[in-house]
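1. quick one: sequence plus predicted model below, questions after.
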Amino acid sequence: MQRLLLIKPGEIELKLGNRREFVRRLKDQIHQRLGSIPHLLEEYPGRFFLRCEQRHEAVARFVLEHCPGVNGVARAFVVDKTPEAIATAAVEAAREEAARGARTFKAETRRSDKSFPLDSYGMSATAGEAVCAAIPELSVDVHQPDFVLTLEIRERAYVYASTLPGPRGLPVGTQGKGLLLLSGGIDSPVAGYLMAKRGLALEAVYFHAYPYTSEEARHKVEKLACRIAAWTGGMQLWVVPFTDVQLAIKKGGREEANTTILRMAMMQAADMLAQRISAIAMVTGESLGQVASQTAQNMRLSQSTTTLPVLRPLIGIDKEDTILMAKRIGTYEISILPYEDCCVLFSPRHPVLKPDFEDISQYFRSLCLDAAIADAVQQADRVRFGYREVMQEFGVALEG
Ligand code: ATP
Ligand code: MG
């Protein structure tokens, strides 16, 4: 019996006006991530189907489970549209679930081909009886089944027992490209993940103050970028040497304003980089009031050095919830490695919570950082992560 991966697209089905564009992006994303792995991707209304050799299936599943725009993935049998063939496939799919310990199930039929001889109820009943007869340890429970046996009767018939969740959201690239300000902390990787799920392609920038921040800190950010790339479908990380800018800020002497000024300088550098890579938005991991530099007044200042929108998906999220997400997406254990991203040399003991906009803007201008910032961006180092590296990072075995 033939098997394929049945893909349930999500929100793109709602995009009436530009559905074609969303579908094209989703297919491109899947093709690009699979790279040289031979595969066939078919599209039908409301479903996509991916076929590849059995030995590549783990990779294909990884790709689909991390591809925004995908709501769910099922390993489905594809059979002729006859009640007998469908019932046989149902027994096969149920047998696998029983082997994993399932004891109860219910059958559900979705019939878009109205010429099929049995109605939905009749097909579910036929398959259910076949399963119970063939596998005595299984019985029907329509209220709390261990698994749902789904029978889809469409252009062909598809039979599957369990669906793996996809990331949902919108295909990467449908909302243009953003520049993620990626530190080694817990928040910014989660912010990147959330925006990738909303269809933003991403590149990342890390401001590195070597030797005040260590090579390990940089390595940690690279690892984080590689993990986020699982969702974005690859990643370019720009490492901007920011030591000179930081030293110039320190020399300015107003210690209490250092963090605010540093954020303004970072945003100005990010703005230059965004122009270079055609990004249309910035993304940060800020959350209102989480630390002194994340008050509304400080954000007004830090975003005043760019004209691009600054997207802050974590703005209203509590730290505990961000940590849960970071654990789920596999960035938490990297983020908590002990290489500090900010150096005591630059962190004021008493940062200002409510800076005066005019006063700090004036002070920022007086520091004349433009040349140092432009130099830093000029010297940026680019690190690329392709999907092969992503799969290695996640320990997915690539065969052949
Ligand atoms: P995170 O957990 O993301 O490090 P944080 O809670 O430590 O955030 P801040 O240090 O105030 O908060 O940083 C706020 C945001 O500024 C970060 O989420 C990130 O987007 C950006 N940022 C901070 N430091 C850097 C850096 N060295 N390079 C790039 N972006 C940075
Ligand atoms: Mg941080």
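-> Structure received. Ligands and ions are numbered 1, 2, ... in the order given.

2. who are the packing partners of the strand ranked longest in the chain?
-> Across the chain, the longest stretch assigned as strand under DSSP state E is strand 70-79. Secondary-structure packing of strand 70-79 (3 or more CB pairs under 8 Å, 6 or more residues apart in numbering; DSSP states H and E): strand 2-9, helix 57-65, helix 83-99, strand 157-160, strand 163-165. Yep, even glycine has a C-beta here, placed from its N, CA and C like the rest.

3. helices or strands up against the longest one?
-> Counting by 3+ CB pairs under 8 Å, 6+ apart, the packing neighbours recorded for helix 83-99 are strand 70-79, strand 104-111, helix 120-134, strand 147-153, strand 157-160.

4. could you check which residue of the stretch 1-150 of the chain lies nearest ligand 1?
-> Pro68 (20.1 Å; CB to the nearest ligand atom).

5. show the pLDDT at the closest residue to that residue other than its chain neighbours.
-> Closest residue in space to Pro68, ignoring its immediate chain neighbours: Gly169 at 4.1 Å, by CB to CB, 6 or more residues apart in numbering. If you check Gly169, the pLDDT there is 95.

6. Arg198 is in contact with Gly169, correct?
-> Yes. With contact defined as CB atoms under 8 Å, Gly169 counts as touching Arg198 (5.8 Å).

7. which positions within stretch 29-37 qualify as buried?
-> Neighbour-count burial for stretch 29-37 flags 29-30, 33-34, 37 (criterion: 16 or more other CB atoms under 10 Å).

8. select, from these, the two members most distant in space.
-> Gln29 and Ile37 (14.3 Å; CB to CB).

9. what parts of the stretch 201-350 of the chain come near ligand 1?
-> Taking CB under 6 Å from any ligand atom as the contact definition, the stretch 201-350 of the chain meets ligand 1 at 205-207, 266, 284-286, 290-291, 293-294, 341.

10. got those residues as a markdown table, with neighbour count, pLDDT and secondary structure columns?
-> Formatted as a markdown table, those follow (neighbours: other CB atoms under 10 Å; pLDDT from 0 to 100; DSSP: H, G, I helix; E, B strand; the rest coil):
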| residue | neighbour count | pLDDT | secondary structure |
| --- | --- | --- | --- |
| Val205 | 26 | 98 | strand |
| Tyr206 | 28 | 98 | strand |
| Phe207 | 25 | 97 | strand |
| Met266 | 26 | 98 | helix |
| Thr284 | 28 | 98 | coil |
| Gly285 | 25 | 98 | coil |
| Glu286 | 26 | 97 | coil |
| Gln290 | 17 | 89 | coil |
| Val291 | 13 | 85 | coil |
| Ser293 | 21 | 86 | helix |
| Gln294 | 22 | 93 | helix |
| Asp341 | 20 | 59 | coil |
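
11. what's the closest of these to ligand 2?
-> Using CB to the ion, Asp341 is the member of those that sits closest to ligand 2, with 5.2 Å.

12. orientation of the longest strand of the chain relative to strand 147-153 in degrees?
-> 70 degrees (axes from the mean of the first three to the mean of the last three CA atoms, to 10 degrees).

13. paired strands for strand 70-79, with orientation please.
-> Using DSSP bridges, the strands paired with strand 70-79 are strand 2-9 (antiparallel), strand 157-160 (antiparallel), strand 163-165 (antiparallel).

14. lowest average pLDDT across those strands?
-> The bottom spot among the strands paired with strand 70-79, by mean pLDDT, belongs to strand 163-165, with a mean of 93.

15. and that one, how far out from the chain middle?
-> Counting by CA atoms, centre = their mean, to the nearest Å, strand 163-165 is centred 16 Å from the centre of its parent chain.

16. after that strand, which helix or strand is next?
-> Next in sequence after strand 163-165, counting helices and strands by DSSP states H and E, comes strand 177-181.

17. and the following helix or strand past that following strand, what does it pack against?
-> Following strand 177-181 in sequence order, the next helix or strand is helix 187-197 (DSSP H and E). Here helix 187-197 touches strand 177-181, strand 201-208, helix 215-232, strand 281-283, helix 319-329, going by 3+ CB pairs under 8 Å, 6+ apart.

18. of all the ones you listed, which lies closest to Arg3?
-> Using CB to CB, the helices and strands packed on helix 187-197 put helix 215-232 closest to Arg3, at 24.5 Å.

19. flag every residue of the stretch 51-200 of the chain that's near ligand 1.
-> 181-183, 185-188.

20. got phi/psi on Gly285?
-> Dihedral pair for Gly285: phi -100, psi 20, per degrees, to the nearest 10.

21. give me every residue that touches the closest residue to it other than its chain neighbours.
-> Excluding its sequence neighbours, the residue lying closest to Gly285 (CB to CB, 6+ apart) is Asp187, at 3.0 Å. For Asp187, the contact set (CB atoms under 8 Å, 6 or more residues apart in numbering) comprises 285-287, 290, 314, 322.

22. which residue does the stretch 101-250 of the chain have closest to ligand 2?
-> Closest to ligand 2 within the stretch 101-250 of the chain is Gly185: 3.2 Å, counting by CB to the ion.

23. in three-state terms, label the residue nearest to Thr307 when sequence neighbours are not counted for me.
-> In space, and not counting its chain neighbours, Thr307 is closest to Asp271: 7.4 Å by CB to CB, 6+ apart. At Asp271 the chain is in helix, as set by DSSP: H, G, I helix; E, B strand; the rest coil.

24. neighbours around Ser304, how many?
-> Ser304 has 15 neighbours, counted by other CB atoms under 10 Å.

25. let me know the pLDDT of the residue of the chain most remote from its centre.
-> The C-alpha centroid of the chain is most remote from Ala133, which lies 43.3 Å away (CA atoms, centre = their mean). pLDDT recorded at Ala133 is 98.

26. next: Gly400.
-> Value listed for Gly400 in the pLDDT field: 56.

27. likewise Val240?
-> Looking at Val240, its pLDDT is 98.

28. ok, it touching Leu273?
-> Yes. With contacts counted by CB under 8 Å, Val240 reaches Leu273, the gap being 7.4 Å.

29. who's more crowded, these two?
-> Higher neighbour count among Val240 and Leu273: Val240, with 23 against 19, using other CB under 10 Å.

30. nearest residue to that one other than its sequence neighbours?
-> Using CB to CB, 6+ apart, the closest residue to Val240 is Ala380 (4.7 Å).

31. right, I'll call it a day here.
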